[in-house]
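*Asks:* generate a structure from the sequence data that follows.
(one chain, ligands or ions: 1)
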Amino acid sequence: MSILCENCKTKRAVFLRPKNGSKVCKECFIELFEEEVHETIQKFQMFEPKEKIGIGASGGKDSTALIHVLTKLKEKYKYENDFVLISIDEGIHGYRDDSLETVKRNQLFYNLPLEIVSFKDLFGWSLDDIILNLGPSNSCSYCGILRRQALDLAAQKISVKKLATGHNANDAAETVLLNFLRGDSVRISRSSEFIINDQNDFKRCKPFIYAYQKEIVAYAYFNKLDYFSTECPYAVNALRGKPRIFLNDLERVHPSGIIDIIDSGQLFALPDSSIKPKIQKCQKCGAVSSQNLCQACILLEKLNKSKPKIEIEIEKK
Ligand SMILES: Nc1ncnc2c1ncn2[C@@H]1O[C@H](COP(=O)(O)OP(=O)(O)OP(=O)(O)O)[C@@H](O)[C@H]1O
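*Replies:* Next up, the predicted model:
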């Protein structure tokens, strides 16, 4: 016997929403999902009128779904914003090169400008070269540090004041738990922020912060979106996998747990006068940093110091 959609009460329910357990038809789910994203954008005033918004486009399901939702919301609610896709090519052979092809297809489909910048051009190192040199154990940290920097530089290059990323509720809850595991009290509240103000003139925002991973997958499936689904070959090394497994279990027995963790992270926000590090500019590149040198410059110094050694070793062979 088929069950009726709890929202429209006419069509057959085809999806059980992990977020709240409601049973809905495809059409209602798509509409509810989009309305919720619109509410998040409005509630946290993520986009100012006339502002050009960058969308971090990796080719994966989250950012592809984000491009689709924002394009629809712009049409429906007459957002006065232009969108531009920004992609970072980290230099991961057999992975990022393929996912960038997906981004290029979507660029044509949605008729949006696309800016691609690579680690190699910006920093002189591809991620594959970095891993070859420093080993795979911290690959996700190295990649995260440089990707953040690369996104900032690309956004500045094309004068984008806001950068929207596809980070979802599960990502945010995972990051809160990860920072607990690392004892990083400063970053606990930051991981669940809806808008991150890195510099006075540049902000990152997360329109999917309340969207569950499984709902994004369903949204992408129902809309037949063209996305790249292969896992990054270096992801196996990430500590992030541990809280992810825990959160998948938690979601089954206590669906609101994901949002509860995000909200708990917010409650850990440190008052300005406490141990919150003073924000300053990196002495080398000028990026916002909590130390004299930003993490990207520290990493690049370490890599560049090891360069002559590699070249001598290659010559010997
Ligand atoms: N190489 C990249 N270029 C541009 N933006 C990126 C890139 N990698 C990640 N992002 C942005 O950061 C968000 C979170 O990235 P993460 O690596 O956690 O991947 P994810 O959760 O699998 O997302 P997606 O499904 O969009 O790849 C992405 O949704 C995207 O907006």
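
*Asks:* is Lys281 bridged to anything, and to what?
*Replies:* On the basis of DSSP bridges, Lys281 is bridged to Val288.

*Asks:* now do the SS call for the residue in the stretch 151-300 of the chain positioned nearest to the ligand.
*Replies:* The ligand sits closest to Gly166 of the stretch 151-300 of the chain, with a gap of 2.5 Å, by CB to the nearest ligand atom. Where you see a C-beta, it was placed from the backbone N, CA and C, and this is true even at glycine. Following DSSP: H, G, I helix; E, B strand; the rest coil, the label given to Gly166 is coil.

*Asks:* tell me if I'm right that it and Gly59 touch.
*Replies:* No. Using CB atoms under 8 Å as the test, Gly166 is too far from Gly59 to be in contact (10.6 Å).

*Asks:* dump the residue contacts of the residue of the stretch 151-300 of the chain closest to the ligand.
*Replies:* The contact partners of Gly166, by CB atoms under 8 Å, 6 or more residues apart in numbering, come to 56, 58, 60-66, 208, 216.

*Asks:* so of those, which ones are in strands?
*Replies:* In strands, defined here by DSSP state E, the members of those are Gly56.

*Asks:* and which of the contacts of Gly166 is nearest to Leu225?
*Replies:* Using CB to CB, Thr64 comes nearest to Leu225 of those, at 5.1 Å.

*Asks:* backbone dihedrals for the spatially closest residue to the closest one that is not a sequence neighbour, please?
*Replies:* By the measure of CB to CB, 6 or more residues apart in numbering, the closest residue to Thr64 outside its immediate chain neighbours is Tyr227, 4.0 Å from it. Backbone geometry at Tyr227, expressed as degrees, to the nearest 10, gives phi -130, psi 160.

*Asks:* residue contacts, Tyr227?
*Replies:* 59-61, 64-65, 102, 220.

*Asks:* what's the separation between the residue of the stretch 1-150 of the chain found nearest the ligand and Arg17?
*Replies:* Nearest to the ligand in the stretch 1-150 of the chain, going by CB to the nearest ligand atom, is Gly60, at a distance of 2.2 Å. In this view, Gly60 and Arg17 are 22 Å apart by CB to CB, to the nearest Å.

*Asks:* residues from the stretch 101-250 of the chain in reach of the ligand?
*Replies:* 147, 165-167, 171 (CB under 6 Å from any ligand atom).

*Asks:* what about the stretch 151-300 of the chain, any weak spots by pLDDT?
*Replies:* 189, 191-200, 237-238, 269-277 (pLDDT under 70).

*Asks:* strands along that one, start to end?
*Replies:* Remark: strands assigned in the stretch 151-300 of the chain by DSSP state E, counting those that start in this stretch are 162-164, 195-199, 202-205, 280-281, 288-289.

*Asks:* what's the neighbour count on the closest residue to Val14 other than its chain neighbours?
*Replies:* Excluding its sequence neighbours, the residue lying closest to Val14 (CB to CB, 6+ apart) is Lys26, at 5.5 Å. For Lys26, the count of nearby residues is 17 (other CB atoms under 10 Å).

*Asks:* on that earlier part again, the residue of the stretch 1-150 of the chain closest to the ligand against Ser99, yeah?
*Replies:* Yes. With contact defined as CB under 8 Å, Gly60 counts as touching Ser99 (6.7 Å).

*Asks:* okay, and the common contacts of those two?
*Replies:* Phe228.

*Asks:* just give the strands next to whichever strand in the chain runs longest in its sheet, each with its orientation.
*Replies:* The strand that spans the most residues within the chain, counting by DSSP E, is strand 82-89. Taking DSSP bridges as the criterion, strand 82-89 pairs within the sheet with strand 52-56 (parallel), strand 114-118 (parallel).

*Asks:* hey, which of these is tucked in deepest?
*Replies:* Among these, the stretch with the highest mean neighbour count (mean count of other CB atoms under 10 Å) is strand 52-56, at a mean of 22.

*Asks:* now it: mean pLDDT?
*Replies:* Across strand 52-56, pLDDT averages out at 97.

*Asks:* nearest residue to the residue most central in space within the chain other than its sequence neighbours?
*Replies:* For the chain, the residue lying nearest the average C-alpha position, counting by CA atoms, centre = their mean, turns out to be His167 (3.8 Å). Of all residues not flanking His167 in the chain, Lys206 sits nearest, at 4.5 Å (CB to CB, 6+ apart).

*Asks:* surely that neighbour is in contact with Ala164?
*Replies:* Yes. Using CB under 8 Å, Lys206 is in contact with Ala164, at 7.3 Å.

*Asks:* count of neighbours near Gln295?
*Replies:* Neighbours of Gln295 (other CB under 10 Å): 19.

*Asks:* ugh, wrong one, Phe268
*Replies:* 17.

*Asks:* separation between it and Gly91?
*Replies:* 35 Å.

*Asks:* can you check Lys26 too?
*Replies:* Counting by CB to CB, the gap from Lys26 to Gly91 is 39 Å.

*Asks:* which stretches of the protein form helices?
*Replies:* Ranges of helices in the chain, per DSSP state H, are 26-43, 61-77, 96-110, 119-123, 127-134, 139-157, 169-181, 185-190, 213-222, 241-253, 257-267, 295-316.
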